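Need a 3D model of the following:
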Amino acid sequence: MLARSYLRASTDEQDATRAREQVEAFAAEHGLTIAATYVENESGAKLARPELFRLLGDCRPGDVLLIEQVDRLSRLTAADWQRLRSELDARQVRVVALDLPTSWMLAAPADEFTARMFAAVNGMMLDVLAAVARKDYDDRRRRQAQGQAKAKAEGKYKGRAENVARNDGIAAMLRSGASWSTIQAATGCSRATVAKIAKRLDEKAA
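Sure, this is the predicted structure:
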């Protein structure tokens, strides 16, 4: 059975490939062949994720979307999660997550009745964990906002420090004519970061 693994981290500073070995070990143990691995640094609260939708576009009916945890796939709002679920269902993609044991059965051949039963149970559990992941995201954002508001009131908040060395390197590569894809591969940053540095260079040149 073919699987396509999806590895995601929220920011450029995080290692999206951290769980690669664990995911690959799971695939080998369960007889899954990983056809491709899709890696991106994008927020799970954002539906528009290029690598995720490239993965879905590459999938054929019955393929497995393999993830470390459900929150790697979704920290979406209820409405956006339903959009993504509809896309998964329409493409007949099976979601298997290492932190969701009910999904492991979808990685093994089964008769039609058993497959439908497991799919139904797994779908319900996916919805629950997706809702939990979104609540965790909202809770963390609220606590962060409260902490920032308190720090601002006390004159201590300075915002996130910029990765100056990395951004200087991106700027140098842009000046040398390197493509955005090459820069992303070399630095591990997102396309949005390259765009930000490119815009900064354009403004300086104006």
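
from here on, contacts and neighbour counts on C-alpha atoms
OK.

Okay, buried residues for stretch 153-170 please.
Neighbour-count burial for stretch 153-170, counted by 16 or more other Cα atoms under 10 Å, picks out 167, 170.

Give me the buried positions along stretch 178-194.
Quick answer for stretch 178-194 (16+ other Cα under 10 Å): 180, 183-184, 188-191, 194.

Keep only those of these that are in strands.
Applying DSSP state E to the buried residues of stretch 178-194, no entry is found in strands.

Next step: those restricted to helices.
In helices, defined here by DSSP state H, the members of those are 180, 183-184, 191, 194.

farthest pair in the residues you listed?
183 and 191 (8.9 Å; Cα to Cα).

follow-up on the earlier one: how about the ones in helices among the buried residues of stretch 178-194 in CSV, adding distance to residue 125 and pLDDT?
Below are those laid out as CSV (distance: Cα to Cα, whole Å; pLDDT from 0 to 100):
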residue, distance to residue 125, pLDDT
180, 39, 89
183, 39, 88
184, 35, 85
191, 33, 87
194, 37, 90
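
can you give me the helices for the chain?
20-29, 50-58, 70-73, 78-90, 112-153, 164-175, 180-187, 191-205.

And the contacts of the last one?
Looking back up the chat, that one is helix 191-205. Residues outside helix 191-205 that contact it (Cα atoms under 8 Å, 6 or more residues apart in numbering): 167, 170-171, 174, 180-181, 183-184.

change it to 7 Å
167, 170-171, 180, 184 (Cα atoms under 7 Å, 6 or more residues apart in numbering).

Between all of these, which two are separated the most?
Going by Cα to Cα, the pair spanning these furthest: 167 and 180, at 13.2 Å.

Let me see the contact set for residue 102.
Here residue 102 is in contact with residue 122 (Cα under 7 Å, 6+ apart).

Let me see the confidence value for it.
Listed pLDDT for residue 102 reads 87.

quick one: it from residue 77, how far?
23 Å (Cα to Cα, to the nearest Å).

Can you give me the end-to-end span of stretch 173-189?
13 Å.

hmm, back to that, go through the contacts of helix 191-205 and name the one nearest residue 29.
residue 184 (32.0 Å).

What's the separation between the closest one and residue 26?
28 Å.
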